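Participant: predicted structure and sequence below. I'll ask about it afterward.
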Amino acid sequence: MTAPFLNMEGVAFAIAGGLSGLGGSRRTPRLVAEDDALTVRELSLEQLDAAQAAWCDLSARALEPNAFYEPGFALSAARHFPLNSRPRFIVVSDGARITGLFPIVPSHPLVGDGFIRLWLTKQATLATPLVDRDRATDTIAAFLDWVEARSLAAGVVFARTPAKGAFHAALAEVARRDARRVETLESFERAALLPGGEADETCARASGSKRQLANIQRMRRRLAEKGAVEFQIVDSPEEVRLATEEFLTLEAAGWKAGRGAFLSEPALATFLRAATRQLARDRRCKISALRLDGRPVAMAILIDSQNRSYYWKIAYDESLRSCAPGLQLIYEQTKAQLARPGVEITDSCAMPDHPVIGRMWPDRVRVCDVAVQLQTNGEAQFQWSCRRDGARRHIRELAKRTANRLLKRKVS
């Protein structure tokens, strides 16, 4: 099967020249008033860096926020991750005003499923594109039309998007209007924290009893026997810089060392340092810590976007496992988040049915991977790609479970 964006070197992109000579049906372009016309183009990292102010402005008025697509996170990831994992940034604009940002990656030219995907790195838990809330459907339609005109791909996968969110609704509206088939490839719930109530009541509701609270209080007393316990949150650029170094050291000393800890790969550590510093300068990052006699025994990184928070990363001192410092940190963080005005939801960024935070936070956010058909007469190709994607996910999940069981790996 022909790979999307296939070029002479076998790389799955041919953005600039288009593929008009390769045949296949194309939709009739939608007619728009000249004043309403949107421009779609690919921007380089250098161009995006120069357009950070406009990018930040789009983030502030996005239909649905996504901290992982804001400049502080996305630019840092694109700069420091390997070349083969970097996306192509497709930007929709109305004059000098950006109305959409769509980082995309192709299907593998030989073993892929024929889908183009929104960029989702292992360090991100959402891939909802940023679109102007006032021009959402026009922006989404312009992006899909632009990709279709330059691609033989069967469809575009919008990964890890809130299933009941505003972007999902806008995407469905565009698909209905433009006769594009839509399939949900995967859907699951993960823990979240909604505002209102007290931390004790919230945690009791999540676990189904007050036994969890009694356990946390017992662990806190046990930890206090070892020294002075303090909960701290920092958000200034300098404090975040110092706390990031502490987080890197704490995480590398635990079970993630050698398989996923930021310090296990120089590029990952550089990315984390760059991202947290830029996000802190933009007032988008906080680092919390539970300290014992001044040293961190559990730490977490939160990033914010509009009225949402993302409980992105957590690490704890495993030598104090009997005192459950990670659980205690989540409890303190719950109190802090419930006390923050204007936060509509805190996303745990955790896997489904997480055994710890799932019993601390009672609310849930459903996220899904949605595929949207591109080619006018390509329904058979689109369905084939959906089936291939489903088979790939099934095999990957079986392999992951088997490896975790045989190697006795922890999950997080």
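Facilitator: Right, received. Where do you want to start?
Participant: tell me what residue 42 is bridged to.
Facilitator: Note on residue 42: beta-bridge partners by DSSP bridges are residue 90.
Participant: I'd guessed residue 58 sits against residue 102; true?
Facilitator: No. Taking contacts as CB atoms under 8 Å, residue 58 lies outside contact range of residue 102: 11.5 Å. All C-beta atoms are positioned from the backbone trio N, CA, C, and that covers glycine.
Participant: quick one, domains of this protein?
Facilitator: Following automatic domain parsing, the chain resolves into domains at 20-187+367-407, 195-343.
Participant: and of the ones you listed, who's closest to residue 352?
Facilitator: Checking these against residue 352 by CB to CB gives domain 20-187+367-407 as the closest, at 9.5 Å.
Participant: which of the residues in the longest helix seen in the chain are buried?
Facilitator: Across the chain, the longest stretch assigned as helix under DSSP state H is helix 379-407. Buried residues in helix 379-407, counted by 16 or more other CB atoms under 10 Å: 381, 382, 383, 385, 386, 388, 389.
Participant: ok, back up a step: which of the domains of the chain comes out lowest on mean pLDDT?
Facilitator: Sorting the domains of the chain by mean pLDDT places domain 20-187+367-407 lowest, at a mean of 88.
Participant: any idea how far it is from the middle of the chain?
Facilitator: 13 Å (CA atoms, centre = their mean, to the nearest Å).
Participant: quick one: residues contacting the nearest residue to residue 349 once chain neighbours are set aside.
Facilitator: Nearest non-adjacent residue to residue 349, counting by CB to CB, 6 or more residues apart in numbering: residue 125, 4.2 Å away. By CB atoms under 8 Å, 6 or more residues apart in numbering, the contact set of residue 125 is 68, 160, 310, 312, 347, 349, 367.
Participant: in those, find the pair that's most separated.
Facilitator: Of all pairs drawn from these, the greatest distance, 14.9 Å, lies between 312 and 367 (CB to CB).
Participant: mind putting the contacts of residue 125 into a markdown table with distance to residue 274 and secondary structure?
Facilitator: Below are the contacts of residue 125 laid out as a markdown table (distance: CB to CB, whole Å; DSSP: H, G, I helix; E, B strand; the rest coil):
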| residue | distance to residue 274 | secondary structure |
| --- | --- | --- |
| 68 | 14 | helix |
| 160 | 22 | strand |
| 310 | 18 | strand |
| 312 | 15 | strand |
| 347 | 22 | strand |
| 349 | 19 | coil |
| 367 | 26 | strand |
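Participant: what's the local residue count around residue 188?
Facilitator: Residue 188: 15 surrounding residues under other CB atoms under 10 Å.
Participant: grab the nearest non-local neighbour of it.
Facilitator: Excluding the flanking residues, the one nearest residue 188 by CB to CB, 6+ apart is residue 352, at 4.4 Å.
Participant: residue contacts, the one you found?
Facilitator: Neighbour list for residue 352: 188, 189, 190 [criterion: CB under 8 Å, 6+ apart].
Participant: assign it to helix, strand or coil.
Facilitator: coil (DSSP: H, G, I helix; E, B strand; the rest coil).
Participant: that older thread, can you list the buried residues of helix 379-407 in CSV and add distance to residue 179?
Facilitator: Converted to CSV, the buried residues of helix 379-407 look like this (distance: CB to CB, whole Å):
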residue, distance to residue 179
381, 15
382, 12
383, 15
385, 18
386, 17
388, 23
389, 21
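Participant: and of those, the nearest to residue 230?
Facilitator: For these, the nearest to residue 230 is residue 389 (47.7 Å; CB to CB).
Participant: which stretches in this protein count as helices?
Facilitator: Along the chain, the segments classed as helices by DSSP H run 45-50, 52-60, 71-80, 136-149, 166-177, 199-207, 211-224, 237-252, 266-281, 325-339, 379-407.
Participant: possible to save those as CSV with distance to residue 184?
Facilitator: Compiled in CSV, the helices of the chain are given as follows (distance: least, CB to CB, whole Å):
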stretch, distance to residue 184
helix 45-50, 31
helix 52-60, 26
helix 71-80, 25
helix 136-149, 17
helix 166-177, 10
helix 199-207, 27
helix 211-224, 33
helix 237-252, 34
helix 266-281, 30
helix 325-339, 30
helix 379-407, 10
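Participant: among these, which comes closest to residue 293?
Facilitator: Nearest of these to residue 293, taken as CB to CB: helix 211-224 at 10.7 Å.
Participant: so that closest one versus helix 325-339, what angle?
Facilitator: 120 degrees (axes from the mean of the first three to the mean of the last three CA atoms, to 10 degrees).
Participant: what residues does helix 211-224 touch?
Facilitator: Helix 211-224 has contacts (CB under 8 Å, 6+ apart) with 200, 203-204, 206, 229, 292, 297, 320, 322-325, 327-328, 331, 359-360.
Participant: tell me the contacts of the nearest residue to residue 63 once chain neighbours are set aside?
Facilitator: Distances taken as CB to CB, 6+ apart place residue 133 nearest to residue 63, at 4.2 Å, with adjacent residues excluded. Applying CB under 8 Å, 6+ apart to residue 133 gives the contacts 61, 62, 63, 166.
Participant: can I get those in TSV with neighbour count and distance to residue 194?
Facilitator: Output for those, formatted as TSV (neighbours: other CB atoms under 10 Å; distance: CB to CB, whole Å):
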residue	neighbour count	distance to residue 194
61	17	23
62	25	21
63	22	20
166	16	17
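Participant: I figured residue 123 hits residue 77, correct?
Facilitator: Yes. At 6.6 Å, residue 123 counts as touching residue 77 under the criterion of CB under 8 Å.
Participant: these two: which is more packed in?
Facilitator: residue 77 (25 against 18).
Participant: does the more buried one touch residue 121 like I think?
Facilitator: Yes. Under the criterion of CB under 8 Å, residue 77 makes contact with residue 121 at 5.8 Å.
Participant: quick one: residue 164 and residue 364, what's the gap?
Facilitator: As judged by CB to CB, to the nearest Å, residue 164 and residue 364 stand 11 Å apart.
Participant: more neighbours: these two, which one.
Facilitator: It is residue 364, of residue 164 and residue 364, that has more neighbours when counted by other CB under 10 Å, with 14 against 10.
Participant: show me the contacts for the more buried one.
Facilitator: By CB under 8 Å, 6+ apart, the contact set of residue 364 is 189, 190, 191, 192.
Participant: turn those into a markdown table, including pLDDT, distance to residue 260 and neighbour count.
Facilitator: Formatted as a markdown table, the entries for those read as follows, by pLDDT from 0 to 100; distance: CB to CB, whole Å; neighbours: other CB atoms under 10 Å:
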| residue | pLDDT | distance to residue 260 | neighbour count |
| --- | --- | --- | --- |
| 189 | 97 | 23 | 14 |
| 190 | 97 | 18 | 20 |
| 191 | 97 | 20 | 26 |
| 192 | 98 | 23 | 21 |
